[in-house]
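**Student:** for reference, the sequence and a predicted model appear below.
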Amino acid sequence: MSPASTVLITGCSSGFGLETARFFLDKGWRVVAAMRTPREDVLPPSERLRVLPLDVTDIASIRRCVDAAGPIDALVNNAGVGMAGPLEAIDLNHARTVYETNTLGTIAMTQAVLPQFRQRRAGVVVNVTSTVTLAPLPLLSVYTGSKAAVNAFTESLALELAPFDVRVRLVLPGRSPSTSFGNNARRLMSEDVPEAYAEFTQGVFAAIRDTSTPVTYAEDVAEAVWQAVTDPAAPMRIPAGADAVAAATAAR
């Protein structure tokens, strides 16, 4: 793909999506940065940048975004929401939000761009999931399930689209102290945690916040997405971050 190519990235207001948008802009690409609440100020001004509103849980919003974006060469499904807590305390409405965003949102965005990719016999879809699907952690059962579903979806879809020369890849970040995942996860966690889990929960969250061991930085994810988009020989699963590489190696 040439520097004049266009990438549509979801969830660009912060974290991995924001850094990935910056990375592609620096490489000379045209970037469509989609976010629930558009903010032009989070990215450097550029004639190659467009910021569009997008709610991946709303089909009408998806259609408006894809129509406004026009022809694209790559889709990066990065938008997601975290959830943490013992399953006994999980509000099922919150769990539905996680699956609607992480799983069905990814599926719906992909479905919306496939006709143009198929007709041109070109295009790349990159889905950002998580290494918790390789090395499960406690208190993340709902979140892990939503991301593991995307892994399976992606690997099956890759076989389906190969005859049309459309590539589909996965990027699996590790634990990142530089994103809003922790805050979002705790926001969706029920305050009514059973007493039996209280001490255990505190210990797990302390471990999640610990930066004394290898972690993943937003730059790691941006570089992995770049590889997935631009390298036809890139593997199906690309770990992003030192801890992610270690988890992937252990899983193999």
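**Tutor:** Sure thing, it's come through.
**Student:** for this protein, what helix or strand is lowest in average pLDDT?
**Tutor:** Within the chain, no helix or strand scores below helix 181-187, which has a mean of 53 by mean pLDDT, DSSP states H and E.
**Student:** contacts for the helix or strand immediately after that one in the chain, please.
**Tutor:** Remark: after helix 181-187, the chain's next helix or strand is helix 195-209, criterion DSSP states H and E. For helix 195-209, the external contacting residues (C-beta atoms under 8 Å, 6 or more residues apart in numbering) are 84-86, 88-89, 137-139, 175, 177, 182, 186, 193. From N, CA and C alone the C-beta is placed, and that goes for glycine too.
**Student:** number of nearby residues for Ala4?
**Tutor:** 10 (other C-beta atoms under 10 Å).
**Student:** so what's the closest residue to it other than its chain neighbours up against?
**Tutor:** Nearest residue to Ala4 in three dimensions, chain neighbours excluded: Arg30, at 7.0 Å (C-beta to C-beta, 6 or more residues apart in numbering). Counting by C-beta under 8 Å, 6+ apart, Arg30 makes contact with Ala4, Ser5, Thr6, Val7, Arg48, Leu49, Arg50.
**Student:** for the stretch 101-250 of the chain, which segments count as strands?
**Tutor:** If DSSP state E, counting those that start in this stretch is used as the criterion, the strands of the stretch 101-250 of the chain fall at 124-128, 167-173, 237-240.
**Student:** dump these to JSON lines, plus mean neighbour count.
**Tutor:** Formatted as JSON lines, the strands of the stretch 101-250 of the chain follow (neighbours: other C-beta atoms under 10 Å):
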{"stretch": "strand 124-128", "mean neighbour count": "26"}
{"stretch": "strand 167-173", "mean neighbour count": "26"}
{"stretch": "strand 237-240", "mean neighbour count": "24"}
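**Student:** now tabulate those in TSV and tack on distance to Leu25.
**Tutor:** Below are those laid out as TSV (distance: least, C-beta to C-beta, whole Å):
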stretch	distance to Leu25
strand 124-128	17
strand 167-173	18
strand 237-240	19
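**Student:** tabulate those strands (JSON lines), appending distance to Thr201 and mean pLDDT.
**Tutor:** Below are the strands of the stretch 101-250 of the chain laid out as JSON lines (distance: least, C-beta to C-beta, whole Å; pLDDT from 0 to 100):
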{"stretch": "strand 124-128", "distance to Thr201": "26", "mean pLDDT": "98"}
{"stretch": "strand 167-173", "distance to Thr201": "23", "mean pLDDT": "98"}
{"stretch": "strand 237-240", "distance to Thr201": "27", "mean pLDDT": "97"}
